[in-house]
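Engineer: Build me a structure from this.
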Amino acid sequence: MDLTEILRIAQVILGIGLVIFVHEAGHFIAARICKVQVEVFSLGFGPPLFSWTRRGTIYQIAAIPLGGFVKMLGDEPTQEGRSYAREQEQTFLDDPATEKAKQDSELGSKSVGQRFFIYSGGVLMNMAFAVVVFPFLFAAGVPFTKPLIEPLPGGIAWHAGIQPGSTVESINGREVFEFGHIQTSVALADPENVELMIRAPGEEHARKYSLTANDDEQLGFNSIGVTVGRDPKAIIYTSEGSAEWKAGVRSGMELLGVEGAPSAYGPFMQYLLAGRGGEEVVLHLLEDGEELTVRVTPEPSEESGPPMLGISPAYNVVGALRANDDLDALGLQVNDRLITVCGSPIFQQGDLARALVDSDQPIQLLVSRDGRDTTLELPRGAEEFGRERRLRLFRDIAVTRNDKSGEVTVSSSGVAFELGMRDGDVLKSINGKPVENWKTIYEVLGEAGKRNGPVGLKVYRERGEEPGHMELTATLRRSPIQQYGITTKFPEHIVKTEGPMESIRVGIDCSIRFVEDTWLTLKGMLMNSVSPKNMGGIILISQVSYSVSEQGLAKLLFFLCMLSINLAILNVLPIPVLDGGHLFFLLVEKLKGSPVSDRVLGYSQMVGLVLILSLMVFVTYNDINRFFF
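Structural biologist: Prediction:
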């Protein structure tokens, strides 16, 4: 761990501590304004790491950094307050002459309005923190990921014809200035009416798209099927000592393409496809206007991957089609399995692009449909396609993984290849268990990897050399991960306002946006339109804080403002033991003219504590599951 990482970790700890401090300071200041004696001001729970006393108040940093508390005189004593406040009871409060002053400084002696102000002080301070800090951040400039999108093949945006690299300017009338806004706005909007203003690459004006979002089970919320787009200029970032660096690649160079990779894809996707086999890649680069060609051989990392057989699902099933006259003439259908295209076999991602776009062969497809082979071809004369027409045809076919059978693609450096398995072979059974889909394969291989035992395979080869059945026995193997050391960052831009009034306007708009988003997220979870698996606790907060700190102090403070608003909204929920629970009981007291009974208060506090502890266990489980699995 170098000094930079240590400083980033320190920033995260101080940042999260700042948000907690702001909340508790709100209660503290409100109590002081109402002349209530504060006995303990604590950041964290549990035994104190260190503490000091000033003007009758114990200030402490406690061992468990999961929040904080302010213990006031006359408040329902918490375990922490009882432990420390009673040990150092202020002598001036023991003097009979000051008994009235003691009573006047108790929380219970204050009016409902004063107590309401004290319990809402943390929420008000969290909101004030965001409202005050946001304008300063936007005046200085905050880095964000550009709202560029890449429609996922077969998704809603893809069916709508939205081009890769398009910029989303607004969603349902709300300005969008980062990619995260797109996902959040779509997830929390009415799924039947998602209105986007989108500007295609190279165009000056945006077009309106009215789409219907659908539930994405993997994400756990409504989506239109987009991922973050990459800048057409693929600027390289590489680390000193990596394979690329040794070959002469330097950060700041532009990746133009990769030799032998499908030209229908962008430069970085070409790099990913070419490098997946762990073999040498030939990069075409641009530096200071000069084109360079560099050969890079990957180097094995010190860590090995999990035990593997060296197989993966074939990538050759037609998942969706867009309107296209040539597709209509071909007669291609959804769920067709591509066997060959223009004479080339289709097994892996990229094979279709290479066969269809980077080929001058007549357009002819051999597909498997309903268990029978069918040949599809364009009418006579249509084989004289230009590149643009072939590219359009390719982009209107969404090819997906063949997860519903045991068809495999085989890594040339894996165990399966050494045993004689080849692309297109079909696993019929594994360890005696019939293979119905790839879920079965994943489960059996996962179990075999844990016990490091042999794996029995029954394989059927329908085409190619020596078709027929094979029975094999394999032992999974850990292999070093081949590293190239090259990355490209998602495109960023700095959002900076002009003048103080614009900064204030954008800051207030941003605060309102996050309040609405937090409320709509909670509502979505109650209505089951947002999956609870998206909830996270201190582990997720720390991870995200550490990640955004890499983009600079301004982005970290922006995230802390968002976190401060989330904390305010969650604390105002009417759950006993939270601030919102106290506020709810104060409203009841105001309406009925007297406080709720000790019995009701005690039982409600117990229920609230169980709810909060259960929630903490659940979000911690989510965090661990997300982090490790």
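
Engineer: only C-alpha atoms for contact and neighbour calcs from this point on.
Structural biologist: Will do.

Engineer: Pretty sure residue 467 sits against residue 459.
Structural biologist: No: using C-alpha atoms under 8 Å, residue 467 makes no contact with residue 459, being 10.3 Å away.

Engineer: Specify which residue of the two has the higher count of neighbours.
Structural biologist: Taking neighbours as other C-alpha atoms under 10 Å, residue 467 and residue 459 compare with residue 459 leading, 20 against 11.

Engineer: That one and residue 414: what is the separation?
Structural biologist: In this view, residue 459 and residue 414 are 16 Å apart by C-alpha to C-alpha, to the nearest Å.

Engineer: With residue 510 instead?
Structural biologist: 51 Å.

Engineer: Just the element for the closest residue to residue 130 other than its chain neighbours, please.
Structural biologist: If you skip the residues right next to it in sequence, residue 130 has residue 561 as its closest partner in space, 4.7 Å away by C-alpha to C-alpha, 6 or more residues apart in numbering. If you go by DSSP states H and E, residue 561 is part of helix 553-571.

Engineer: helices or strands up against that helix?
Structural biologist: Applying 3 or more C-alpha pairs under 8 Å, 6 or more residues apart in numbering; DSSP states H and E, one finds that helix 553-571 contacts helix 3-33, helix 121-140, strand 142-145, helix 500-526, helix 538-549.

Engineer: and the angle from the following helix or strand past it to helix 3-33?
Structural biologist: Downstream of helix 553-571, the first helix or strand assigned by DSSP H and E is helix 579-592. Orientation of helix 579-592 against helix 3-33 (axes from the mean of the first three to the mean of the last three C-alpha atoms, to 10 degrees) gives an angle of 10 degrees.

Engineer: Of all the residues in helix 579-592, which ones are buried?
Structural biologist: 579, 580, 581, 582, 583, 584, 585, 586, 587 (16 or more other C-alpha atoms under 10 Å).

Engineer: Stretch 170-187 too?
Structural biologist: For stretch 170-187, by 16+ other C-alpha under 10 Å, it's 170-171, 176-179, 181-187.

Engineer: how long is that stretch end to end?
Structural biologist: In stretch 170-187, first residue to last residue: 14 Å (C-alpha to C-alpha).

Engineer: Next: stretch 377-393.
Structural biologist: End-to-end distance for stretch 377-393, by C-alpha to C-alpha: 13 Å.

Engineer: can you list contacts of it?
Structural biologist: 264, 324, 326-327, 329-330, 356-358, 360-365 (C-alpha atoms under 8 Å, 6 or more residues apart in numbering).

Engineer: now, the most widely separated pair of those?
Structural biologist: Distances among the contacts of stretch 377-393 were taken as C-alpha to C-alpha; the most separated pair is 264 and 329, at 22.3 Å.

Engineer: Buried residues, the helix holding residue 561. List them.
Structural biologist: By 16+ other C-alpha under 10 Å, the buried positions in helix 553-571 come out as 554-571.

Engineer: And for stretch 189-196?
Structural biologist: Buried-residue list, stretch 189-196, by 16+ other C-alpha under 10 Å: 189, 191, 194, 195, 196.

Engineer: what are the bridge partners for the third one, then?
Structural biologist: With DSSP bridges applied, residue 194 shows beta-bridge pairing to residue 211.

Engineer: Please list all residues in contact with it.
Structural biologist: Residue 194 sits next to 171, 172, 186, 210, 211, 212, 213 when contact means C-alpha under 8 Å, 6+ apart.

Engineer: Distance check, it against residue 222.
Structural biologist: Taking C-alpha to C-alpha, one finds residue 194 at 11 Å from residue 222.

Engineer: Give the residues shared as contacts by the two.
Structural biologist: Contacts common to residue 194 and residue 222, judged by C-alpha under 8 Å, 6+ apart, are 186, 213.

Engineer: Quick check: phi and psi at the residue lying closest to residue 175 once chain neighbours are set aside.
Structural biologist: What sits nearest to residue 175 in space, not counting adjacent residues and going by C-alpha to C-alpha, 6+ apart, is residue 169, at 6.1 Å. Backbone torsions of residue 169, given as degrees, to the nearest 10, read phi -100, psi -30.

Engineer: Equivalent analysis for residue 434, please.
Structural biologist: Per-residue torsions, residue 434: phi -60, psi 140 (degrees, to the nearest 10).
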